[in-house]
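**Q** My questions are about this predicted structure, shown below with the sequence.
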Amino acid sequence: MRISKENTAAIIVDLQEKLLPVMHNTEEVIRTNKILISGLKELGVPTIFSQQYPQGLGNTITEIQDLVDDFQSFDKTEFSCFGHEMCKSFLNANQVKNVIISGIESHICVLQTAIDLKEAGYNPIIIVDAVDSRTKLNKKIALRRFEAEGITLATYESILFELTGSAKNPAFRTISKLIK
């Protein structure tokens, strides 16, 4: 199944001030999410951000917020983003089928969000190089669980070029520069 920008949205999960420093690969997950988010913005893919208990874990990091003109986030205490009404409203308003997911932690909030989306009839797409956990093992097991659940896995580069579709797309040059 091809993924097109016309029926796709993105959820960026919990890239927060106090969570990111304890991830296994902090710098890489920030770098890849910045590229992914910039590419999604260039392609016009609707994107929303979650924040897990920001009173304790801080807000989405500034360098991520600054990438988005109309930064929208919702605060949650449940692990699955799909359990939050703002997330459901966002997906319904954008009438999407595919949901790109990146963020942290792979084995908790990202996993539960993806499973709930799949059960609700969406096609969740995990961007494997833009998700992370505190330990390498937790991420590895999460990736195995995604596969077992029939959830699509992709890299930020593959999804951005799939959404671009063609070198004739006006966004192609920008996406190419982001990837390099």
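**A** Cool, the structure landed. Numbers count the residues shown, from 1 in each chain.

**Q** any chance you could map the strands in this protein?
**A** For the chain, the strands defined by DSSP state E occupy 8-13, 47-52, 73-76, 98-104, 123-132, 152-154.

**Q** which of the ones you listed sits most buried?
**A** strand 98-104 (a mean of 27; mean count of other CB atoms under 10 Å). No exception for glycine: its C-beta is placed from N, CA and C like everyone else's.

**Q** Determine the longest helix present in the chain.
**A** Taking DSSP state H as the criterion, the chain has its longest helix at helix 26-43.

**Q** what distance separates that helix from the middle of the whole chain?
**A** Centroid separation for helix 26-43 versus its chain: 9 Å, with CA atoms, centre = their mean, to the nearest Å.

**Q** and that helix with strand 47-52, angle?
**A** Relative orientation of helix 26-43 and strand 47-52, computed by axes from the mean of the first three to the mean of the last three CA atoms, to 10 degrees: 150 degrees.

**Q** If we go by neighbour counts, what in helix 26-43 is buried?
**A** 29-30, 32-43 (16 or more other CB atoms under 10 Å).

**Q** Stretch 75-87 too?
**A** Lys76, Phe79, Ser80, Cys81, Phe82, His84, Cys87.

**Q** okay but the second one is in contact with Val110, surely?
**A** What it means is Phe79. No. Taking contacts as CB atoms under 8 Å, Phe79 lies outside contact range of Val110: 9.3 Å.

**Q** Kindly reformat the buried residues of stretch 75-87 as TSV containing pLDDT and distance to Asp70.
**A** What follows is those, written out as TSV (pLDDT from 0 to 100; distance: CB to CB, whole Å):
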residue	pLDDT	distance to Asp70
Lys76	96	20
Phe79	97	26
Ser80	97	24
Cys81	97	18
Phe82	96	22
His84	93	19
Cys87	96	16
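
**Q** quick one: which two of the residues you listed are the most distant?
**A** Greatest spatial distance among the buried residues of stretch 75-87 (CB to CB): Phe79 and Cys87, at 12.3 Å.

**Q** Ile127 bridge partners, please.
**A** Ala154 (DSSP bridges).
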